[in-house]
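Novice: structure of the sequence below:
(one chain, ligands or ions: 1)
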Amino acid sequence: MTIYFYKVWQPYGCFSNFSPHGIHIEGTYWPTVEHYYQAQKFVDSADAAIIPLIHAAATPEEAASLGRCSTRQLRRDWNLVKTQIMREAVLKKFLTHADIREVLLMTGNEILVENSPTDAFWGCGANKAGQNHLGKTLMSVREEIRNLLSLTVIYE
Ligand SMILES: Nc1c(N[C@@H]2O[C@H](COP(=O)(O)O)[C@@H](O)[C@H]2O)[nH]c(=O)[nH]c1=O
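Specialist: Residues are numbered from 1 along each chain as shown. The predicted structure is shown next:
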């Protein structure tokens, strides 16, 4: 059975990048994956001054709205690096927080889909036929964590 998720307050809301699960990456603490992801859009760009503002945003919604401002210049390689950046952040989230790691592992081999009506890249979009890259990232992270755990059992 496919598992759909989207908003934090809906079932499986902990799979949303807006969920309140902070991550440390390269010495910096980010309150949500969304804060980190939106800030990475501007690394080494002419608009890098926005990064501390995204970092300090009070909510992930605010971080997303700062990062989505269409008049700012994104880093040139953004489309090439964004899925890898997302994967690192999502992996870190589920390695850091044991409670939601359990939720992810308990989904077994079910297909995970970000049920976004507006985003056909990270989600499935309004027609449900979108690319679902966030769902794919979560399934790949689930697999990686499972492999890491089986290695721990062998070498403990
Ligand atoms: N969960 C969720 C959203 N979805 C998230 O938005 C991000 C994509 O942003 P962008 O690349 O700027 O279009 C990505 O993290 C995706 O999972 N968007 C929302 O407005 N509200 C929400 O509750």
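Novice: all contacts plus neighbour counts: C-alpha atoms, from now on.
Specialist: Noted.
Novice: quick one, helices of this protein?
Specialist: Across the chain, reading from the start of the chain, the helices by DSSP state H fall at 33-40, 51-55, 60-67, 78-96, 98-105, 133-155.
Novice: do you know which of the ones you listed lies nearest Tyr4?
Specialist: Comparing the helices of the chain by their distance to Tyr4 (Cα to Cα), the top pick is helix 133-155, with 8.9 Å.
Novice: quick one: that closest one to chain centroid distance?
Specialist: The chain centroid and the centroid of helix 133-155 are separated by 15 Å under Cα atoms, centre = their mean, to the nearest Å.
Novice: can you get me a residue count around the nearest residue to Met86 once chain neighbours are set aside?
Specialist: Closest residue to Met86 in three dimensions, ignoring its sequence neighbours and counting by Cα to Cα, 6 or more residues apart in numbering: Tyr37, at 6.4 Å. Number of residues near Tyr37 (other Cα atoms under 10 Å) recorded here: 24.
Novice: and Tyr37, how far from Glu102?
Specialist: Applying Cα to Cα, to the nearest Å, one obtains 23 Å for the distance of Tyr37 from Glu102.
Novice: need the residues of this structure near the ligand, please.
Specialist: By Cα under 6 Å from any ligand atom, the residues of the chain that approach the ligand are Tyr6, Lys7, Ser16, Asn17, Phe18, Glu34, Ala64, Arg68, Trp122, Leu134.
Novice: among the helices of the chain, which is nearest Ser116?
Specialist: Among these, if distance is taken as Cα to Cα, the winner is helix 133-155, at 10.3 Å.
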